[in-house]
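Visitor: pasting the sequence and the predicted coordinates here, then a few questions.
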Amino acid sequence: MKKISLIIPIYKKKEFIKVVLESINFQTYRNFEVIVAEDDNSLGKFIKDLQKNLNYKLIHIQQEDKGYRRNTALNNGVRISTGDLIVVIDQDCMIHPKFLEEYAKNYNKADLFTGRRFNLGKKYSEKILKTKQRRFNLIKLFISDSPKKKFLDAIYVPWLSFKRNSRVLGSNFAIKKEFLEKINGFNEDYIGYGLEDVDLEKRVEMAGGIRISMKNKAIQYHLYHPEPQGNTDRYKLNKDILDETIKNRKYICNNGLKKLEKR
């Protein structure tokens, strides 16, 4: 039975973090650890106090706040992880009770696994944050203010199979730890919002990895919040990094789990 290391990069949003961590209590698959990788060092007491409400092992690591450094936080989590499969979610995404079970069941089918998320409405998200609701009733979810356009993404139908592999979504994906180590982890040259998930996808492809979709299997529910404004200049720099990586077919990054000399 494969062990899962669920890594969650976090920053500031206490109300979201509390709800998401408590939603993990209901997982049917129990061979897992949770690593909260904080892109800051301000939530130590909050996480410690929250642990009494959790029924699983949680590890909290921190780094100095030097701006948005998601990939650095993720690598910190990978280095101390003990699982065979690295699963990544965001701090604002609650997960279905079968979420980790589905990732475990599909372990032997691929190297990279890509999930999706269902966006909750503003009013429904506010209700969740004010109550102890941590599981979802599909009828109540459907009649809420949540968008209906992609409601099928909220339904657990694991027997469905999608021939077209979904692109990597940063809030819901998994990768075998041994394969992640092969490509030297997440590229820490990416700073700020944008393209770090595309980088992972492209490097896995170049390294010969197999990717499958976990749509309608590993389901998560995204709590509403206004979208953050990205740094346009930083995005352009990230795009240059990605273009160079693809051009040179460089699937092993220099600035990853290990710090390698540039060639």
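Guide: Arrived safely, thanks for sending.
Visitor: and the end-to-end length of stretch 177-189?
Guide: The first residue of stretch 177-189 is 20 Å away from its last residue (CA to CA, to the nearest Å).
Visitor: tell me how many other residues surround the closest residue to R70 other than its chain neighbours.
Guide: Sequence neighbours aside, P9 is the residue nearest to R70 in space, at 5.3 Å (criterion: CB to CB, 6 or more residues apart in numbering). Yep, even glycine has a C-beta here, placed from its N, CA and C like the rest. By other CB atoms under 10 Å, the residues close to P9 number 24.
Visitor: pLDDT value on K163, please?
Guide: Per-residue pLDDT puts K163 at 58.
Visitor: list of residues touching the lengthiest helix in the chain?
Guide: The longest helix of the chain (DSSP state H) is helix 232-247. Residues from elsewhere that reach helix 232-247 (CB atoms under 8 Å, 6 or more residues apart in numbering): 187, 189-196, 198-199, 202-203, 250, 253.
Visitor: recalculate using a threshold of 6 Å.
Guide: D189, Y190, G192, G194, L195, D199, K202 (CB atoms under 6 Å, 6 or more residues apart in numbering).
Visitor: and what of stretch 209-227?
Guide: Against stretch 209-227 from outside (CB under 6 Å, 6+ apart): 16, 92-96, 99, 102-103, 109-120, 122, 125, 156-158, 160, 162, 165-166, 172, 179.
Visitor: ok, stretch 136-150 next?
Guide: In contact with stretch 136-150 (CB under 6 Å, 6+ apart) are residues N119, L120, G121, K123, Y124.
Visitor: mind checking the SS state of H60?
Guide: Following DSSP: H, G, I helix; E, B strand; the rest coil, H60 is assigned to strand.
Visitor: what's opposite it in the beta bridge?
Guide: With DSSP bridges as the criterion, H60 is bridged to V36.
Visitor: my guess is I7 meets G77, correct?
Guide: Yes. Counting by CB atoms under 6 Å, I7 does reach G77; the two are 3.9 Å apart.
Visitor: residues that sit against both of these two, list them.
Guide: I35, A37.
Visitor: now do the phi/psi pair for L141.
Guide: L141 adopts backbone torsions of phi -70, psi -40, taken as degrees, to the nearest 10.
Visitor: burial of it, as a residue count?
Guide: Residues within reach of L141, counting by other CB under 10 Å, total 17.
Visitor: switch to numbering from 824
Guide: Taking 824 as the first residue, the last one we looked at is L964.
Visitor: how close does it sit to K889?
Guide: Noted for L964: a distance of 39 Å to K889, by CB to CB, to the nearest Å.
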